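Chemist: turn this into a model:
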Amino acid sequence: MSLVRVPQLQVHYIAVGQGDCILLKQGETFVLIDGGNRSSRIIQYLQTRIDYNLEAMIATHTHNDHVGGLIAMLDLFKVKRIYINGDTSSIRTYSDFMQKANTEGANVEVARRGDHIVVGNLTFDVLNPVEPLTQDTNNNSIVLTLSYGKVDFLFTGDAGREAETSMISAGVLQHSDILKVAHHGSQTASSQTFLDIVRPEVAIYMADGNNQYGHPHPQTMSALQTIGAKVYGTDACGTITVTTDGEGYTINQTGTGTQSL
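Modeler: Model (predicted):
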């Protein structure tokens, strides 16, 4: 009897400068979480890795450095499903994104805690946000966990300490092997209580080496190192790719960070 091989999962934390853009590829299934800002030059990178269809697009929240690049993605790829957090914004970039999303022909769905996003063989559990939404855009970020065999991922958008407290109180957090550090490594996220629960082996932050916000914050980096996480950042490492067969994982980096692709 032959064993059925499960396709490897690749998670690309793409160096788009000061912003988030994460591509998940498993077999012929493609999921994009955020897209960097509008000036992010990621088309070439994605064209060489995605076929005509993008099974799911997830916009974690309304800020330009997360949804701006998704507008070009909607022009380039046929997107089947788009997930948003249901927040409102008067920012022109987000208005343009929503207009494009609504004319794409994709199913546009609002994600809430307790939902499950099933894409091919991948099942994402939604940990945040909840109703009613907060007054803080970052804390309304969609937070997702993904278990692939024995390897667990946590994708946090820009969720801050208020969202972390909510997730901790609800008991929905657990250990994750690979953490996408929230809000580009800002000190407004990654509380000690949160890190004590998640206790990642690997922590990946996404920031530009010349950003004006002081990301990543030294306090956050120190806290991650103290709990034993190996820290990678797109500012220094370029695009970071985690490849897993569900048993273990490997990490590769382009080594050309600091600036956008």
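
Chemist: enumerate every residue touching Leu54.
Modeler: Shown in contact with Leu54 (C-beta atoms under 8 Å, 6 or more residues apart in numbering): Phe30, Val31, Leu32, Met73, Phe77, Lys78, Val79, Lys80. Where C-beta positions appear, they are placed from N, C-alpha and C, glycine not excepted.

Chemist: please identify which pair of the residues you listed lies farthest apart.
Modeler: The largest separation in these, counting by C-beta to C-beta, is between Val31 and Lys78 at 14.1 Å.

Chemist: so for those two, which sits in the more crowded spot?
Modeler: Comparing Val31 with Lys78 by neighbour count (other C-beta atoms under 10 Å), the higher total belongs to Val31, at 24 against 13.

Chemist: am I right that the more buried one is in a helix?
Modeler: No. Assessed with DSSP: H, G, I helix; E, B strand; the rest coil, Val31 is strand; it does not lie in a helix.

Chemist: quick one: contacts for it?
Modeler: Leu23, Leu24, Leu54, Glu55, Ala56, Met57, Ile58, Val119, Leu122 are the contacts of Val31 under C-beta under 8 Å, 6+ apart.

Chemist: can you do 7 Å?
Modeler: Residues near Val31 by C-beta atoms under 7 Å, 6 or more residues apart in numbering: Leu24, Glu55, Ala56, Val119, Leu122.

Chemist: now those in JSON lines, with neighbour count and pLDDT?
Modeler: Shown next, in JSON lines, are the contacts of Val31 (neighbours: other C-beta atoms under 10 Å; pLDDT from 0 to 100):
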{"residue": "Leu24", "neighbour count": "25", "pLDDT": "97"}
{"residue": "Glu55", "neighbour count": "20", "pLDDT": "95"}
{"residue": "Ala56", "neighbour count": "24", "pLDDT": "97"}
{"residue": "Val119", "neighbour count": "19", "pLDDT": "97"}
{"residue": "Leu122", "neighbour count": "18", "pLDDT": "97"}
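
Chemist: out of those, who's nearest Pro218?
Modeler: Among the contacts of Val31, Leu24 lies closest to Pro218 (C-beta to C-beta), at 30.2 Å.

Chemist: for Lys230, grab the count of nearby residues.
Modeler: Neighbour tally, Lys230, other C-beta under 10 Å: 12.

Chemist: partner residues bridging it?
Modeler: Legend: beta-bridge partners of Lys230 under DSSP bridges are Val202.

Chemist: my read: it touches Val202, true?
Modeler: Yes. Checked against C-beta atoms under 7 Å, the pair Lys230 and Val202 is within contact range at 5.3 Å.

Chemist: gap between Leu127 and Thr93?
Modeler: According to C-beta to C-beta, to the nearest Å, Leu127 and Thr93 sit 26 Å apart.

Chemist: cool, and Lys78?
Modeler: 22 Å.

Chemist: ranges for the helices of the stretch 101-250 of the chain?
Modeler: 161-170, 192-198, 218-226, 234-237 (DSSP state H, counting those that start in this stretch).

Chemist: so what's the residue count around Val110?
Modeler: 13.

Chemist: how about Gly27?
Modeler: 12.

Chemist: repeat that for the one 5 residues further on.
Modeler: The tally of other residues near Leu32 (other C-beta under 10 Å) stands at 27.

Chemist: the closest residue to it other than its chain neighbours sits in which helix or strand?
Modeler: Distances taken as C-beta to C-beta, 6 or more residues apart in numbering place Met57 nearest to Leu32, at 5.0 Å, with adjacent residues excluded. For Met57, the host element (DSSP states H and E) is strand 53-58.

Chemist: Leu23 - nearest residue in space that isn't next to it in sequence?
Modeler: His12 is the one closest to Leu23 (C-beta to C-beta, 6+ apart), at 4.3 Å.

Chemist: dump the C-alpha coordinates for the strand or helix carrying the one you found into CSV.
Modeler: In this structure, His12 sits in strand 9-13 according to DSSP H and E. Extracted C-alpha coordinates of strand 9-13, given in CSV (Å, rounded to 0.1, in the frame of the first residue of the first chain):
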residue,chain,number,x,y,z
LEU,A,9,3.2,24.1,2.7
GLN,A,10,5.2,27.2,1.9
VAL,A,11,4.6,30.5,3.8
HIS,A,12,6.3,33.5,2.2
TYR,A,13,6.7,36.6,4.5
